[in-house]
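Asker: coordinates only, no sequence provided:
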Ligand code: NAD
């Protein structure tokens, strides 16, 4: 099935979006964007180099005084218009996202694009509710209040798994709060970040407020993190790269926000609705081909229902339709690249010696042979301390382990360096309540796994990072708080001066 999005026409002027327009990069290095479903190169562009990052940061710096000085109502109106333009361009966004990621078009149309529109509408409203929480006479002699202010130029770095939503999560709270931004998408997936920035301009958001540099991590990425005019770094990606970025960002003591990897546990107690848990496990481990930081990856299942869970999950995984991302019937597309597919396959191959591959563990052949596909994979009889249980695989791979007691289940769920998301499946409110309290993760679902909403925060514990995306909590990242204090006494010699002057 053919797609209609033609990147070579759409981005003929270049794949950098600086100061309100598309321009070519100047690094001297070119990058192919490959359709992972076919292995075909669909676009080649020149990567951003340091000069492009400098130009984008300069545009953002120049746009900051007027944008941060606009009223909340003016920024809110612009974001409402932005949501309208995105809605008109929804199908183009969905096709571009599916082409560059290999994501099933159904997922792009029903999850990525509507989620982005909803985020934009949410931040259009939230822009008018930037609160400073207190105003009062705390000393008796002064009136204090809190101002919440924009920080300046934000430098953001995003991964390839949900490029459109990551652009939205980074750009929207930053600009709603009055900041300007330079976003670096993954060099593999620049299309929808560029379309998102173009839509911002079409909505009347001033030039320079939203800029995109499509460049490599070690080149454009490191320049963006260390640029002296960037006041804050916001990074979403792997924990290893996040740790490097944190080191680089420490110069100048700039603000840092890190959304990193995950390895979400999926805890099934013996009283759970097992059919719901089985469907939930398959959906939550295979969404976006498992390339989801919150995906279900470690299922802990109480021993009386363990064998049935393994059998039913494997059977359901085998019904999933693998195929062309542009076919609306396709459930599972390829992984983002052939290199990443081989990385995922490597984890499974190394686990074979010590565990049981219940289903999957292979690439499909036939017409899908050229694509970066990998079959839905379930492993059982795995050891808690094995690589496949501890490392983030980021593919359509679920491991299942049994447990006996509730204490053991919660201990195993927490036995991970990560703490982004988790779920517990039970009909017992006491068990559910205890799981929500004791699991150390930024999100705990009960009897579901994956749904997100614009109003609620997303962010990790432990090696999954710190700070929040979405919701009004993200304003904590993208604003700074100022205490303003007015003297109310009008006295030249104030009482507290005694501490310096004594009784003189
Ligand atoms: P990655 O860490 O390899 O790359 C992320 C981004 O960092 C890319 O834009 C890359 O070009 C850039 N980068 C690489 N090296 C850099 C450097 N030295 N300096 C500056 N930038 C650099 O991650 P990925 O493979 O693109 O994405 C998958 C990872 O993202 C997974 O670990 C996943 O869990 C994580 N993720 C987390 C969240 C979350 O909200 N916590 C959301 C989505 C993805």
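Answerer: That came through fine. Remember, it's a predicted structure, so these values are computed and weren't measured experimentally.

Asker: can we go C-alpha only for contacts and neighbour counts from here?
Answerer: OK.

Asker: distance check, the most centrally placed residue in the chain against residue 157.
Answerer: Centroid check for the chain by CA atoms, centre = their mean gives residue 166 as the closest residue, at 4.8 Å. Separation of residue 166 from residue 157 (CA to CA, to the nearest Å) stands at 9 Å.

Asker: list the residues that contact both of those two?
Answerer: residue 236 (CA atoms under 8 Å, 6 or more residues apart in numbering).

Asker: returning to that earlier point: pLDDT score for the residue nearest to the centre of the chain?
Answerer: Confidence at residue 166, expressed as pLDDT, is 98.

Asker: could you find the closest non-adjacent residue to residue 373?
Answerer: Leaving aside its sequence neighbours, residue 373 sits nearest to residue 334 (CA to CA, 6 or more residues apart in numbering; 4.1 Å).

Asker: so which other helices or strands are in contact with the one helix or strand in the chain whose mean pLDDT sits lowest?
Answerer: Least confident helix or strand, the chain: strand 135-136 with a mean of 92, by mean pLDDT, DSSP states H and E. If you count contacts as 3 or more CA pairs under 8 Å, 6 or more residues apart in numbering; DSSP states H and E, strand 135-136 packs onto strand 142-150.

Asker: up against the ligand, what does the stretch 151-300 of the chain have?
Answerer: 157-160, 184-187, 216-218, 221-222, 236-238, 241, 245, 259-262, 293 (CA under 6 Å from any ligand atom).

Asker: among these, which are in helices?
Answerer: 222, 241, 245 (DSSP state H).

Asker: who's in contact with the last one?
Answerer: Counting by CA under 8 Å, 6+ apart, residue 245 makes contact with 222, 225, 235.

Asker: need the pLDDT of the last one.
Answerer: In this case it means residue 235. Model confidence at residue 235, given as pLDDT, is 98.

Asker: same thing with the first one?
Answerer: You'll see residue 222 listed with a pLDDT of 98.

Asker: for it, list the residues it contacts.
Answerer: 245, 248.

Asker: ok, now residue 69?
Answerer: Counting by CA under 8 Å, 6+ apart, the residues that residue 69 touches are residue 178.

Asker: and of the contacts of residue 245, the nearest to the ligand?
Answerer: Among those, residue 222 lies closest to the ligand (CA to the nearest ligand atom), at 4.3 Å.

Asker: quick check: that closest one vs residue 193, distance?
Answerer: For residue 222, the distance to residue 193 - CA to CA - is 19 Å.

Asker: just residue 307 next, same as before
Answerer: To residue 193, residue 307 is 44 Å away according to CA to CA.

Asker: then residue 126?
Answerer: Residue 126 is 22 Å from residue 193, by CA to CA.

Asker: give me the more crowded residue out of these two.
Answerer: residue 193 (31 against 20; other CA atoms under 10 Å).

Asker: isn't there a helix covering that one?
Answerer: Yes: applying DSSP: H, G, I helix; E, B strand; the rest coil, one finds residue 193 inside a helix.

Asker: pLDDT value on it, please?
Answerer: For residue 193, the model assigns a pLDDT of 98.

Asker: show me what contacts it?
Answerer: Residue 193 touches 163-164, 167, 185, 212, counting by CA under 8 Å, 6+ apart.

Asker: of the residues you listed, which belong to strands?
Answerer: Residues of the contacts of residue 193 located in strands (DSSP state E): residue 212.

Asker: closest to residue 150 out of the contacts of residue 193?
Answerer: Nearest to residue 150 out of the contacts of residue 193 is residue 167 (CA to CA; 18.9 Å).

Asker: which residues are in contact with that closest one?
Answerer: Contacts of residue 167 by CA under 8 Å, 6+ apart are 158, 183, 185, 193, 196.

Asker: the closest residue to residue 386 other than its chain neighbours: how many residues sit nearby?
Answerer: Nearest residue to residue 386, sequence neighbours excluded (CA to CA, 6+ apart): residue 351, at 8.0 Å. Using other CA under 10 Å, residue 351 is surrounded by 19 other residues.

Asker: what do you get for residue 282?
Answerer: 26.

Asker: could you say what helices and strands the host helix or strand of it packs with?
Answerer: For residue 282, the element it lies in under DSSP states H and E is helix 274-286. Judged by 3+ CA pairs under 8 Å, 6+ apart, the packing partners of helix 274-286 are strand 296-302, helix 303-317, strand 397-403.

Asker: who touches that helix?
Answerer: Residues from elsewhere that reach helix 274-286 (CA under 8 Å, 6+ apart): 266, 268, 290, 295-297, 299, 305, 309, 312-313, 316-317, 332, 376, 395-398, 425, 447-450.
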